[in-house]
Structure formats: C-alpha cells, structure tokens
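Trainee: A predicted structure for the sequence below; I have some questions about it.
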Amino acid sequence: MSERLSGRCLCGAVTFTATPVGGMHACHCESCRRISGGVSLSANCGDSVEVSGPLATYDSSDWAERQFCPTCGSGLFWRLKAGGMTMVSVQAFDDPGAFAFEDEIYVDSKPGNYAFAGDRPRLTGAEVEAMYAGGED
Ligand SMILES: [Zn+2]
Ligand SMILES: [Zn+2]
C-alpha cells in the first residue's frame with residue numbers, strides 16, 4: 001500500500017493524511033491495551049503523517065510518545081521520538097478494512113480470554129525487542 005489515506009479522531013477536531021508502509025499490526029502490550037481500551041491495531045506510516053488540529057502528547061517511554069485528541073480522547077499515533085516510525089491507529093482511518101493483517105506482537109502480554117483467528121506471525125515482547133533493540137511502551 002503506498003497511496004495517501006485520510007483519517008480522523010472521533011469528534012473530528014483532528015484530521016490527518018498518511019501513507020502506510022505495509023499492513024496492520026496488532027499489539028497486545030499493556031501500554032497499548034490501556035491507552036486504546038482494547039487491542040491496538042496500527043500501521044506504520046513512517047514520517048509521512050500530516051496532521052490538522054490539536055494533539056495532546058503522552059510521554060510513554062524514553063524512546064516513544066503517544067498522541068491523542070485532547071477533546072474526544074481518541075488514541076491516534078505512537079511515535080518514535082528519534083523519528084522514522086509513526087504507528088497510526090488503523091481504526092482512525094476512514095477505511096480500516098483496507099489493511100492486511102500482518103502480525104501480532106507482545107502476544108505474551110495478551111489476556112487469555114480472547115484471541116484473533118487465522119495464521120500470522122505472533123511475536124513475544126522479547127522477540128520484538130530483540131528485533132528493534134527497543135520496545136513499545
Ligand atoms: Zn477528537
Ligand atoms: Zn503495544
């Protein structure tokens with residue numbers, strides 16, 4: 001997928017466009033579950049995100065921050081502070097169904113009372129952190 005897609009928060013105060021790199025990733029880590037109120041489904045949009053409207057920022061770790069609409073609270077972006085990677089909530093895009101479901105990460109943090117059907121890579125937190133030498137908090 002390389003086209004520019006549009007999205008917004010629930011109340012519409014924040015709108016954005018972005019060009020996703022690849023498909024959808026599910027993160028079961030505690031931080032994503034707490035801030036999203038569910039399972040975080042997101043797509044990496046690199047540095048392509050262009051935002052219109054106010055954003056609130058939560059400094060969630062030494063390497064990343066999370067941004068959300070200050071009016072309605074919609075969680076929109078997970079940004080690597082160093083740049084190069086912005087995970088955008090798939091649910092904020094106008095067409096969340098457009099993304100292929102690529103993988104699940106932090107599966108060892110997933111509560112046991114639900115699971116996604118289907119076959120795809122499922123990585124533990126340690127496996128993810130070994131790949132990126134960082135984490136997603
Ligand atoms: Zn809003
Ligand atoms: Zn996460």
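Mentor: It's in. Ligands and ions are numbered 1, 2, ... in the order given.

Trainee: what about C29, neighbour count?
Mentor: Neighbour count for C29, taken as other Cβ atoms under 10 Å: 20. For every residue, glycine as well, the C-beta is placed using N, CA and C.

Trainee: excluding chain neighbours, what is closest to it?
Mentor: Y106 (3.9 Å; Cβ to Cβ, 6 or more residues apart in numbering).

Trainee: contacts only, for the one you found.
Mentor: 27-29, 32, 123-125, 128, 136 (Cβ atoms under 8 Å, 6 or more residues apart in numbering).

Trainee: with C69 as the reference, measure out to it.
Mentor: Distance from Y106 to C69, counting by Cβ to Cβ, to the nearest Å: 25 Å.

Trainee: from what I see, L10 and C69 are in contact.
Mentor: Yes. Counting by Cβ atoms under 8 Å, L10 touches C69, with 7.2 Å between them.

Trainee: between those two, point out the one with more neighbours.
Mentor: More crowded of L10 and C69, by other Cβ under 10 Å: C69, with 21 against 13.

Trainee: and that one, how far is that from F93?
Mentor: Applying Cβ to Cβ, the value for C69 to F93 is 15 Å.

Trainee: next one: T124
Mentor: Applying Cβ to Cβ to T124 and F93 gives a distance of 28 Å.

Trainee: what do you get for S31?
Mentor: Taking Cβ to Cβ, one finds S31 at 21 Å from F93.

Trainee: repeat for C72
Mentor: 16 Å.

Trainee: and the two? which has more neighbours close in?
Mentor: Between C72 and F93, F93 has the larger neighbour count (other Cβ under 10 Å), namely 22 against 12.

Trainee: check what pLDDT the more buried one gets.
Mentor: For F93, the pLDDT comes out at 98.

Trainee: over to the one 10 residues further on?
Mentor: Residue-level confidence at D103 comes out at 97, pLDDT.

Trainee: ok, which residues in the chain are in contact with ligand 1?
Mentor: Residues of the chain lying near ligand 1 by Cβ under 5 Å from the ion: 9, 11, 13, 69, 71-72.
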